[in-house]
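Chemist: Next comes the sequence, and after it the predicted model I'd like to discuss.
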Amino acid sequence: MIEKVNPSHPDKLADRIAGAIVDLAYKKNNNPKVAVEVLLGHGHCHIIIETSEKFTKNEIEKIVFRIVGKVEVDLLVVEQDKYLAGNQKDRIRCGDNGIFKGVPLKECDKKLSKITRDIYNKYPYDGKYILTDDKLIICQSHASTEELKDLYPEATINPLGDWTGGIDTDSGATNRKLGSDMAESVTGGGLHGKDLSKADVSINIYAFKKAQETGKTVKLFCAIGDEFIDGKPYSEIVEYARNYINEIGGFEKLAEWGLY
């Protein structure tokens, strides 16, 4: 049983804004320190950025307007806590405590991921989907229900009828759809809006990918300041995650669909 949302869901729009801000931080610095929270909806976008980098409101507004259109942007940029910053001063070490789990994807996970992408290619609007052992539920805004029924005749489609979706219907917040991003690999840490020094990003990516490669569940934990994880220098795990992010096209791209 799995749920998936598409990149136009309000929570995903918030993740994408946060990811684009992290991308911008990496254009300014090869190893920035940044953590972004976004709350979005009903004509407003509230953003808090804790960072080592300098951002202008104009830079942030360009990102927000590109992703969601013209809304009122409320921005607060503050320096990262000096003790947290000091943790990374001399070498790359775990940026936080955390527990992590990588779980091999099931066929239903892969199937729903494909269905979601296929629908989004035709209807690039707010949508969310569930697949169980015997039921497919499609909730897709701005879509022809009849056409979807032709494509997926056994599915339950828009049970309450047509709907508009988007940020004027529902609010969005960063890291609220981790089940859609990571399937059964979800633990406590959020994947989006953070630089690679944060364990929530790098170890989550590493554990998820290792689970897919080995076919076995991977369980890891770390304490802030740890220099080795899973028998590897933490710096290697950060570089592993960096390569993955670069391959898919950046943090905003990661935010669109998550890890699968």
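Modeler: Right, received. Where do you want to start?
Chemist: where do the strands sit along the stretch 151-260 of the chain?
Modeler: 156-157, 172-173, 218-222, 228-229, 232-233 (DSSP state E, counting those that start in this stretch).
Chemist: In JSON lines: those strands, plus distance to residue 245.
Modeler: All C-beta atoms are positioned from the backbone trio N, CA, C, and that covers glycine. Shown next, in JSON lines, are those (distance: least, CB to CB, whole Å):
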{"stretch": "strand 156-157", "distance to residue 245": "35"}
{"stretch": "strand 172-173", "distance to residue 245": "22"}
{"stretch": "strand 218-222", "distance to residue 245": "19"}
{"stretch": "strand 228-229", "distance to residue 245": "18"}
{"stretch": "strand 232-233", "distance to residue 245": "18"}
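Chemist: Columns distance to residue 19 and mean pLDDT on top of those strands, output as TSV?
Modeler: Output for these, formatted as TSV (distance: least, CB to CB, whole Å; pLDDT from 0 to 100):
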stretch	distance to residue 19	mean pLDDT
strand 156-157	30	97
strand 172-173	13	98
strand 218-222	23	97
strand 228-229	23	96
strand 232-233	25	96
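Chemist: hey, which of those strands is tucked in deepest?
Modeler: strand 172-173 (a mean of 20; mean count of other CB atoms under 10 Å).
Chemist: That one pairs with which strands?
Modeler: Sheet pairing for strand 172-173, assigned by DSSP bridges, gives strand 34-41 (antiparallel).
Chemist: Which SSE is immediately downstream of the partner strand?
Modeler: Remark: after strand 34-41, the chain's next helix or strand is strand 44-51, criterion DSSP states H and E.
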